[in-house]
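Enquirer: Return atomic coordinates for the entry below.
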Amino acid sequence: MSSETARKTWRTAEPIHGFIYFLPEAAAAYEALGPIGPRTGYFASRAAPMGAVSTEVVVSTFYNFNPALVRDSMKGAWDVATPAKWSTTRLSAVDAGLNRGWAGAVDTPEIRELAGLLRAAAEVACESPEGRPLFAGHASLGWPDAPHLVLWHAQSLLREFRGDGHIAALVTENIGGLEALVTHAGAGDVTAKVLASSRAWPENEWNGAVESLRSRGICDAEGNLTAQGRAQRDRIEQRTDELATAPYLALGEERCERVRVLARPLSRMIVDSGMIGFR
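Expert: Numbering: from 1, shown residues only. Below is the predicted model:
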């Protein structure tokens with residue numbers, strides 16, 4: 001199986017996981033736990049499966065966010081609620097969101113089949129947690145019972161498995177978290193303004209990263225990738241794909257195609273519901 005097939009399969013199902021980061025029900029549920037900052041719910045609920053880790057561990061695993069934002073957001077997070085409570089609150093919000101996005105049809109034959117396929121892939125990923133701390137935390141959680149929540153948890157595991165591999169690829173290429181955002185913008189996929197704002201990077205630090213990359217021949221003074229920079233970014237993306245392929249290789253081509261067939265309409269319903277934004 002090609003790594004491109006694995007990436008395509010992951011991306012087709014990704015809205016089934018990714019909507020949680022933009023869900024109003026989730027924000028409301030986190031706020032109901034106690035006094036928190038604007039981004040505490042995001043960081044604490046996603047980091048919670050690792051346990052009551054130090055803020056610096058959260059900084060490390062949330063690679064491209066401004067560490068100042070992470071530190072401010074995580075102040076008192078484990079006092080507001082235990083990691084277990086953050087995780088169960090998040091899963092309850094997922095339940096509400098999927099019920100809304102799929103108009104209550106959360107236990108269909110298609111959802112059950114897709115949940116079974118992606119769980120099989122995720123369980124292969126769980127055999128190799130080494131060097132993937134955020135994924136390993138999520139892999140330590142028990143599986144939910146409801147089919148739609150099994151589906152969400154499986155896709156979440158595959159997302160974190162891929163994400164930790166991506167960080168490894170960036171570190172190997174000596175690209176820091178802010179520099180990763182600059183190269184993302186430089187490739188033309190998302191604007192620098194959106195990326196800097198969503199990760200809370202001030203203009204002077206963003207410009208400093210541009211200059212550092214320019215001095216290494218990776219981008220020009222405007223932040224656009226050079227030929228060298230594009231070649232490096234291609235290497236990073238290719239390595240990320242390769243590191244994330246094993247779970248899909250275990251499924252095989254035919255079952256991966258079936259995942260895409262089943263996931264496509266479900267993902268489209270979530271996107272069309274307006275629950276997905278950019279963060």
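Enquirer: for the protein, longest helix please?
Expert: In the chain, assigned by DSSP state H, the helix with the most residues is helix 147-172.
Enquirer: Give me the buried positions along it.
Expert: Neighbour-count burial for helix 147-172, counted by 16 or more other C-beta atoms under 10 Å, picks out 147-170. Backbone N, C-alpha and C define where each C-beta goes, glycine included.
Enquirer: Please name every helix or strand in contact with that helix.
Expert: helix 3-18, helix 83-101, helix 109-125, helix 133-139, helix 227-243 (3 or more C-beta pairs under 8 Å, 6 or more residues apart in numbering; DSSP states H and E).
Enquirer: among the ones you listed, which is nearest Ala68?
Expert: helix 133-139 (20.0 Å; C-beta to C-beta).
Enquirer: which residues sit against the closest one?
Expert: Applying C-beta atoms under 8 Å, 6 or more residues apart in numbering, the external contacts of helix 133-139 come out as 46-51, 57, 60-61, 125-126, 129, 153, 156-157, 160-161, 163-164.
Enquirer: Recalculate using a threshold of 6 Å.
Expert: For helix 133-139, contacts defined as C-beta atoms under 6 Å, 6 or more residues apart in numbering pick out 49-50, 61, 126, 129, 157, 160-161, 164.
Enquirer: tell me the SS of Val259?
Expert: Secondary structure of Val259, reduced to three states by DSSP: H, G, I helix; E, B strand; the rest coil: helix.
Enquirer: And it, how far from Leu114?
Expert: Using C-beta to C-beta, to the nearest Å, one obtains 7 Å as the distance from Val259 to Leu114.
Enquirer: coming back round to it: so which of the helices and strands packed on helix 147-172 is the most packed in?
Expert: helix 133-139 (a mean of 22; mean count of other C-beta atoms under 10 Å).
Enquirer: Report the backbone C-alpha coordinates of it in PDB.
Expert: Extracted C-alpha coordinates of helix 133-139, given in PDB (Å, rounded to 0.1, in the frame of the first residue of the first chain):
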ATOM      1  CA  PRO A 133       3.300  10.400  24.100                       C
ATOM      2  CA  LEU A 134       0.100  12.100  23.200                       C
ATOM      3  CA  PHE A 135      -1.100   9.000  21.300                       C
ATOM      4  CA  ALA A 136       0.000   6.700  24.100                       C
ATOM      5  CA  GLY A 137      -2.100   8.700  26.500                       C
ATOM      6  CA  HIS A 138      -5.200   8.300  24.300                       C
ATOM      7  CA  ALA A 139      -4.400   4.700  23.700                       C
END
